[in-house]
Structure formats: C-alpha cells, structure tokens
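Engineer: A predicted structure for the sequence below; I have some questions about it.
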Amino acid sequence: MKYFFLYLSIFCLVIISACSSDLYRATNRSYKKQAKNYAKLLREYPVKDSAGLQYAESWVGTTNFTMRRPNFVVIHHTAQDSCGQTLRTFTLPRTAVSAHYVICHDGTVHHMLNDLLRAHHAGISKWGNATDLNSMSIGIEIDNNGSEPFTEQQMNSLLQLLDRLKRAYNIPQANFIGHADVAPGRKVDPSRYFSWQTLAEKGFGFWFDTTNVELPADFNPLLALRIVGYNINKPEIAIQSYKIHFVPQDTTRMINDADKKILFDLMKKYQ
Ligand SMILES: [Zn+2]
C-alpha cells in the first residue's frame, strides 16, 4: 500500500510536468513559424524591404553586416496578479502585447523573444527625439500588481539580466528607463515602489546628487526635463513621470526648489 501511494505521486508528478511543458507548445510553434517568415524575408535576393518594395535598379550585396542591436531597455511592471497570467497575455495573439523578458516574484526569468526582434511593450512613446521605443529597445516586464514592493529575488534577477544586456549590446548608462518615462500620463510603470536609485548605483540609469548644486538664476526646470528625455508637451504629466522615477515619495505634479536642484544635476548627467 505504501508503494502504491509512492507510485501514484510519481505518476501525478510526471503528468503535471508533462502538462506544463505542453502548455506553451502551440504558441512556441507559432513563434517558430513567425521567425521562419522573417528569416525568409532576410534571405530574399535581390533585397526587398519589409513592405515588399524594391527601391533601386541595381543590387550589389555587401559582405559586411550584422543584425541591428537594441540601444535602450524599458522596464515595466505587469499590473497583473501572477507570472502565469502575464505569460498567457503575451501568448494570445488578440492582446497584441509582448516583452522580451518576464521576471516572476521568485526571480525566475522567462525569455520570450529574441533580443534582435521588436516586442510590443512600449506603445506610443517618446524619449528625447526617439519616437518608436519598441524598435530600439528591450522590454522587461516585472511581475507586480502595481501596489506592492518588488521582491529581492526579482531585483537580483533584474540586475543580472541588465548587466548581460548592457555588455552584449553596449547600451549607454542613460538608456535604462521606465515605461512611465517614455509614455507620461498614459503609463505609470514601474511604480513608485521600484528603486531606480539601486539600478543607478549599479550603472543602469543615473541618480542625482544635489550636495554642491548652485542653481543659475535663469535655470528652466522644464527645459531640464526635456534634456533628460521627457516629452514636455503636457508639462504636468511629464512632471508626474519624473516624480515617479526620481522622487517617488512626492505625489504632487509641482516642481519645487528641491526638484530644481535635482533636475539641474540630472540634466548634466543625461545631456
Ligand atoms: Zn508598461
């Protein structure tokens, strides 16, 4: 009888693990099929662009090229209740959203898309003069409902991943940003619980030091926000995104004297 239960539990475990590996079989097949179609496009000779256009009379293939590389990392929180829910969202065609990486509460990292391909995570976005962040960035989603702290395991996994990406693609320190930074008013992730200071201390994004800052009389804080990268078409929401990132304890949309010093210091680091 003792062995019966042992065998039964082994049998159950086998069934459960088989089911979980089956869970994404169909969507993994769909990934392969889409990647194959892009590979076919890349093999076209003479070259057409992705819209099927042929711009020139003459084709001479160069021998020297690589794939384009991501130059930004955009960090998000999922605003969902579990990693499984997010993986499901990102594998349903009708949602039309995705990310390159998803980091679960326990620190597990799921890679969902080749870094060289374009994920649908940033949407309508602007940072500096860049207007299609999806085309130039890697999207990282952290499993978090938006009103809870990020776990230590998540932050450890995130820092390891950022370190690899920064080295692999030579991403500048200034180019590690949040969804709220590039889509002010439309997005507020990652939330005020996210420690950008921790990231900056490890070389991902910058943090401020106002110790010896003396403000020039003509200092313009809005212009400084623009130099850092924010879209200031609607100043109030640009200020809101700046506060989420740099002064998370302050929920106002007002620039005060302390903010002016912070922005003066940040402007010099980001320009
Ligand atoms: Zn987001």
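Structural biologist: Thanks, I have the structure now.

Engineer: How are the strands of the chain distributed by residue range?
Structural biologist: Ranges of strands in the chain, per DSSP state E, are 72-77, 101-103, 109-111, 137-142, 176-178.

Engineer: what's next to the last one, contact-wise?
Structural biologist: Put plainly, it is strand 176-178. 72-76, 127, 162, 166, 189-190, 194, 196, 199, 204-205, 229, 241, 244-245 (C-beta atoms under 8 Å, 6 or more residues apart in numbering). The C-beta positions use only the backbone N, C-alpha and C, and glycine is treated the same way.

Engineer: in its sheet, what does that strand sit against?
Structural biologist: strand 72-77 (parallel) (DSSP bridges).

Engineer: How about the partner strand and the ion, touching?
Structural biologist: Yes - judged by C-beta under 5 Å from the ion, strand 72-77 comes into contact with the ion at residue 76.

Engineer: List of residues touching that strand?
Structural biologist: For strand 72-77, the surrounding residues in contact (C-beta under 8 Å, 6+ apart) are 99, 121-122, 125, 127, 130, 133, 136-146, 150, 158, 162, 165-166, 171, 175-179, 182, 189-191, 194, 204.

Engineer: for the ion, what are the nearby residues on the stretch 1-150 of the chain?
Structural biologist: Neighbours of the ion within the stretch 1-150 of the chain, by C-beta under 5 Å from the ion: residue 76.

Engineer: Looking at the stretch 1-150 of the chain, what residue ends up closest to the ion?
Structural biologist: Using C-beta to the ion, the closest approach of the stretch 1-150 of the chain to the ion is made by residue 76 at 3.3 Å.

Engineer: how close does that residue get to residue 70?
Structural biologist: 15 Å (C-beta to C-beta, to the nearest Å).

Engineer: cool, residue 49 as well?
Structural biologist: Residue 49 sits 20 Å away from residue 70, going by C-beta to C-beta.

Engineer: so what's residue 208 up against?
Structural biologist: By C-beta under 8 Å, 6+ apart, the neighbours of residue 208 are 246, 262, 265-266, 269.

Engineer: Just send the residues you listed back as TSV, with pLDDT too.
Structural biologist: Compiled in TSV, these are given as follows (pLDDT from 0 to 100):
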residue	pLDDT
246	98
262	98
265	98
266	98
269	97
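
Engineer: Let me see the ranges of the helices in the stretch 151-271 of the chain.
Structural biologist: 152-169, 179-182, 196-201, 221-228, 235-246, 257-270 (DSSP state H, counting those that start in this stretch).

Engineer: Counting neighbours, which bits of the first one end up buried?
Structural biologist: What it means is helix 152-169. 154-155, 157-158, 161-162, 165-166, 169 (16 or more other C-beta atoms under 10 Å).

Engineer: What residues does the stretch 151-271 of the chain have near the ion?
Structural biologist: Counting by C-beta under 5 Å from the ion, the residues of the stretch 151-271 of the chain near the ion are 179, 189.

Engineer: Report how many residues lie close to the residue in the stretch 101-250 of the chain that the ion sits nearest to.
Structural biologist: In the stretch 101-250 of the chain, the residue that lies nearest the ion is residue 179 (3.4 Å; C-beta to the ion). Residues contacting residue 179 under the criterion other C-beta atoms under 10 Å number 24.

Engineer: you'd agree it is up against residue 185?
Structural biologist: No - taking C-beta atoms under 8 Å as the definition, residue 179 is not a contact partner of residue 185, at 11.7 Å.

Engineer: Residue 264: what's it in contact with?
Structural biologist: Contacts of residue 264 (C-beta under 8 Å, 6+ apart): 210, 213, 215-216, 219, 224.

Engineer: low-confidence ranges in the stretch 1-150 of the chain?
Structural biologist: 1-21, 50, 52 (pLDDT under 70).

Engineer: coming back round to it: just the buried residues of the contacts of strand 72-77.
Structural biologist: With neighbours counted using 16+ other C-beta under 10 Å, the contacts of strand 72-77 contain these buried positions: 99, 121-122, 125, 127, 130, 133, 136-144, 150, 158, 162, 165-166, 171, 175-179, 182, 189-191, 194, 204.
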